[in-house]
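Participant: Mind looking at a prediction? Sequence and model below.
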Amino acid sequence: MRSVERGISVLALVFIAALCCSADLSAYPNNQTLAQGYNVYWRTDSTMIYLGLQVQTMGWIGLGLGEVTSGSMPGSDMVIIEPNGSSFTVTDRYATEFATPDIDDCTQDWVFVSGQQVNGTTTVEIKRLLQTNDNQDRAIIPGLTRVVYAWGGNNAKTIQYHGSSRGSTTVPFIPSNKLPALPSTVRSYSVQMPNVSVPSTVTNYLCASFELPYNPVADAHIIRIDPLIEPDNVDIAHHMLVFVCNVPSQSYLDFKKTPGTNCLSTGFAFGCSSLMYMWAAGAGPLVLPEQAGFRLGQNSTRYVIVQMHYNNAKRQSGRRDNSGFKIYYDYNLRQYDAGVLQTGDMLLSQPPVPAGNPAYAIEMTCPSACTSKFDWDIQVFAEALHMHNIGSKIWSTLWRPDSSGNVSFVQQNAGAEFYQFDFQQGAEVNYTLKRGDTFNLHCVYDSSNQKSATDFGESSSQEMCMDFLFYYPKLPRIAGCVYLEGGQYTGCGDFAGNDWLSQILFVENPSRRDPTDLVRNGELFGKSCKDEAAQGSGTSQLRSFLSWL
């Protein structure tokens, strides 16, 4: 919570400054083009970020810092700059839904430095603390920052609906460690959509199948995966999923025969067993830990289906795309194979989500009876959380027994407080899932606008609740810890092949209920400072407990 001495009077909710002083953008060592005609410049020191924004408009402009596991407008910390005759109005705002962002009622943190409007272009300089300790702000930390941006037309002097003049990406405001150098023995292989035609409709999911390189007498390790997004199509390439197929399924063969087929489903409908890679607009490479790699070979990772989501907001015709990804692989095998553990409702056995509920919550558990069957403890380095269109929140937690058998909370893992189906992001994590641990997955759905119940299923109009754990060393007998028969049992085993039922270890539920259920309907980001003042210290204790935000 903010300290009183930091606060600026609530009466001074906006910063109004006169147009003055031409901005010297050459003083910024870093810059990035977010969209045609929208450029951001920046520098940082130990406590502050200094931004220069140059946008081809005489209207309002906005920039937002998104939730790290989402990157959509809801959950974003925003600054809005509005020209006002001979001055600018700079407002610190935040969004919890697709609507006009609310004004930050804690403290206005963005400070105006300079600004001008010349020849149809607005240039402004602003600055802010990297860490404001504001419930309605996002901290700027090392690594890629999820960014949303928008602007109005020349006549739109105050914030209003932006239409297609908006987007999302990532910006390295504070660079993290550079990518590790690749060994000289590493080879690469590119997988790209074969010049597919993108329809003129707004939302399009196109699929194509590929066979990765393999040596019949020697396996290799995939140690890094880079996105390959065509520069001319950064405005329409929205996200990409890469599914691994154990064998060439019928869907794999269909997409191989007719690449660029319209498809809207999950890898399970394609006959694929797991997810290998997830990319969303602005994301960087997936670098596996130095100890591990995905095994590439005849009896391991070989067949993949790529699903590209294109967001053709301007409904342009004639667009073609060759985006995809590049794998880096090495025949000098690393110490461990990396694996993907599937958790949640992988078999889509949950009862329907009733209509008219703004926060319908379910909890699924991988119980200790399953993790006790692990051959060894595993190190989790990434999670990919997955729901569909009415999913609103998702997170996982970890519990561990002590020597006396008493189970206690360990930590909150990955989570998205403002989940958006069209903004799926992988989350970097680093924790050990030990034998005997309990792993809980929470999914919350907003069905308030639904007229009928929503079934669980493979279509995006249906729902899911899943979490893919990327880990090492790979377990030899367990590929998933998933719910069966509506949660009466948990399936714990290897789901590959036609005889998968005979390979599963059934463990009975009920599972351990997670006390974070008590607060799953309460939003942490965007919480009013006025509300916190009224509630006292309890909110601070809760925020400490749910520290994953």
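Facilitator: Structure's in. What do you need? Quick caveat, the model's predicted, so the values are computed rather than measured. Numbering: from 1, shown residues only.
Participant: Assign a three-state SS to the closest residue to Glu97 other than its chain neighbours, would you?
Facilitator: Spatially, and ignoring its direct neighbours in sequence, Glu97 is nearest to Pro74 (5.3 Å; C-beta to C-beta, 6 or more residues apart in numbering). Every residue, glycine included, has its C-beta placed from N, CA and C. Classification of Pro74 by DSSP: H, G, I helix; E, B strand; the rest coil places it in coil.
Participant: For Pro74, grab the count of nearby residues.
Facilitator: 24 (other C-beta atoms under 10 Å).
Participant: which residues touch it?
Facilitator: Taking C-beta atoms under 8 Å, 6 or more residues apart in numbering, we find Pro74 in contact with 95-98, 418, 420.
Participant: Kindly report which residue of this protein is located farthest from the centre.
Facilitator: Here the chain reaches farthest from its C-alpha mean at Ser86, the gap being 40.2 Å by C-alpha atoms, centre = their mean.
Participant: what about stretch 78-88, distance to the chain center?
Facilitator: 31 Å (C-alpha atoms, centre = their mean, to the nearest Å).
Participant: Give me the nearest residue to Lys527, chain neighbours excluded.
Facilitator: Asn135 is the one closest to Lys527 (C-beta to C-beta, 6+ apart), at 4.6 Å.
Participant: Count residues in the vicinity of Pro231, would you?
Facilitator: 6.
Participant: Look up how far Leu25 lies from it.
Facilitator: Pro231 sits 23 Å away from Leu25, going by C-beta to C-beta, to the nearest Å.
Participant: cool, and Thr96?
Facilitator: Thr96 is 33 Å from Leu25, by C-beta to C-beta.
Participant: out of these two, which sits in the busier spot?
Facilitator: Comparing Thr96 with Leu25 by other C-beta under 10 Å, the one with more neighbours is Thr96, at 18 against 14.
Participant: Check Ser249 and give its pLDDT.
Facilitator: Note for Ser249: predicted pLDDT of 84.
Participant: Over to Thr516?
Facilitator: Confidence score, pLDDT, at Thr516: 50.
Participant: switch to numbering from 54
Facilitator: Got it, the first residue is 54 from now on, which makes the last one we talked about Thr569.
Participant: Export stretch 403-416 to PDB, keeping only CA atoms.
Facilitator: Taking Å, rounded to 0.1, in the frame of the first residue of the first chain, the C-alpha atoms of stretch 403-416 are listed here in PDB:
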ATOM      1  CA  GLN A 403     -15.800 -31.300 -16.100                       C
ATOM      2  CA  PRO A 404     -19.600 -30.600 -15.900                       C
ATOM      3  CA  PRO A 405     -20.800 -27.500 -17.900                       C
ATOM      4  CA  VAL A 406     -20.300 -24.000 -16.700                       C
ATOM      5  CA  PRO A 407     -23.700 -22.600 -15.800                       C
ATOM      6  CA  ALA A 408     -24.900 -19.500 -17.500                       C
ATOM      7  CA  GLY A 409     -25.100 -16.100 -15.800                       C
ATOM      8  CA  ASN A 410     -22.300 -16.500 -13.300                       C
ATOM      9  CA  PRO A 411     -19.500 -13.800 -13.300                       C
ATOM     10  CA  ALA A 412     -17.100 -15.900 -11.300                       C
ATOM     11  CA  TYR A 413     -17.700 -19.700 -11.600                       C
ATOM     12  CA  ALA A 414     -14.700 -21.400 -10.100                       C
ATOM     13  CA  ILE A 415     -13.300 -24.900 -10.300                       C
ATOM     14  CA  GLU A 416     -10.200 -26.400  -8.700                       C
END
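Participant: Pull out the buried positions in it.
Facilitator: By 16 or more other C-beta atoms under 10 Å, the buried positions in stretch 403-416 come out as 403, 406, 413, 415-416.
Participant: Kindly report the same for stretch 461-475.
Facilitator: 463, 465-475.
Participant: Same check on stretch 220-239?
Facilitator: Neighbour counts using 16+ other C-beta under 10 Å place 220-224, 226, 239 of stretch 220-239 among the buried residues.
Participant: Tally up the residues packed near the closest residue to Tyr147 other than its chain neighbours, please.
Facilitator: Excluding the flanking residues, the one nearest Tyr147 by C-beta to C-beta, 6+ apart is Gln189, at 4.2 Å. By the criterion of other C-beta under 10 Å, Gln189 has 25 neighbours.
Participant: Quick check, central residue of the protein?
Facilitator: Gln478 (2.1 Å).
Participant: is it true that that residue touches Gly337?
Facilitator: No: applying C-beta atoms under 8 Å as the test, Gln478 and Gly337 come out as separate, 11.5 Å apart.
Participant: just to revisit the earlier point, out of the contacts of Pro127, who's nearest Phe492?
Facilitator: Phe471 (22.8 Å; C-beta to C-beta).
Participant: Could you measure from the closest residue to that closest one other than its chain neighbours over to Gly119?
Facilitator: Spatial nearest neighbour of Phe471, chain neighbours left out: Gly128 (3.1 Å); criterion: C-beta to C-beta, 6+ apart. The gap separating Gly128 from Gly119 is 6 Å, by C-beta to C-beta.
Participant: ditto for Leu349
Facilitator: For Leu349, the distance to Gly119 - C-beta to C-beta - is 33 Å.
Participant: Ser501 is in contact with Pro411, isn't it?
Facilitator: Yes: the pair Ser501 / Pro411 is scored as a contact, 4.4 Å apart, by C-beta under 8 Å.
Participant: Buried ones in stretch 444-464, by neighbour count?
Facilitator: 444-453, 463.
Participant: show me the contacts for the nearest residue to Thr174 once chain neighbours are set aside.
Facilitator: Spatially, and ignoring its direct neighbours in sequence, Thr174 is nearest to Gln109 (5.4 Å; C-beta to C-beta, 6+ apart). Shown in contact with Gln109 (C-beta under 8 Å, 6+ apart): 90-91, 173-174.
Participant: Phe141 belongs to a strand, doesn't it?
Facilitator: Yes: the assignment for Phe141 by three-state DSSP puts it in a strand.
Participant: So it sits against Ile133, correct?
Facilitator: No: in this structure, Phe141 is not within contact of Ile133 by C-beta under 8 Å, at 10.3 Å.
Participant: Kindly present the contacts of Gln109 as JSON lines, with separate columns for distance to Phe378 and secondary structure.
Facilitator: Listed next are those as JSON lines, based on distance: C-beta to C-beta, whole Å; DSSP: H, G, I helix; E, B strand; the rest coil:
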{"residue": "Gly90", "distance to Phe378": "29", "secondary structure": "coil"}
{"residue": "Tyr91", "distance to Phe378": "26", "secondary structure": "strand"}
{"residue": "Gly173", "distance to Phe378": "38", "secondary structure": "coil"}
{"residue": "Thr174", "distance to Phe378": "36", "secondary structure": "strand"}
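Participant: Highest neighbour count among those?
Facilitator: Within the contacts of Gln109, Tyr91 tops the neighbour count with 21 neighbours, counted by other C-beta under 10 Å.
Participant: you'd agree it is up against Tyr202?
Facilitator: Yes: here Tyr91 reaches Tyr202: they are 6.0 Å apart, a contact under C-beta under 8 Å.
Participant: so what's the residue lying closest to Leu235 once chain neighbours are set aside up against?
Facilitator: Excluding the flanking residues, the one nearest Leu235 by C-beta to C-beta, 6+ apart is Tyr381, at 6.0 Å. By C-beta under 8 Å, 6+ apart, the contact set of Tyr381 is 235, 239-241, 275-279.
Participant: If anything else comes up later, I'll come back, but that's it for now.
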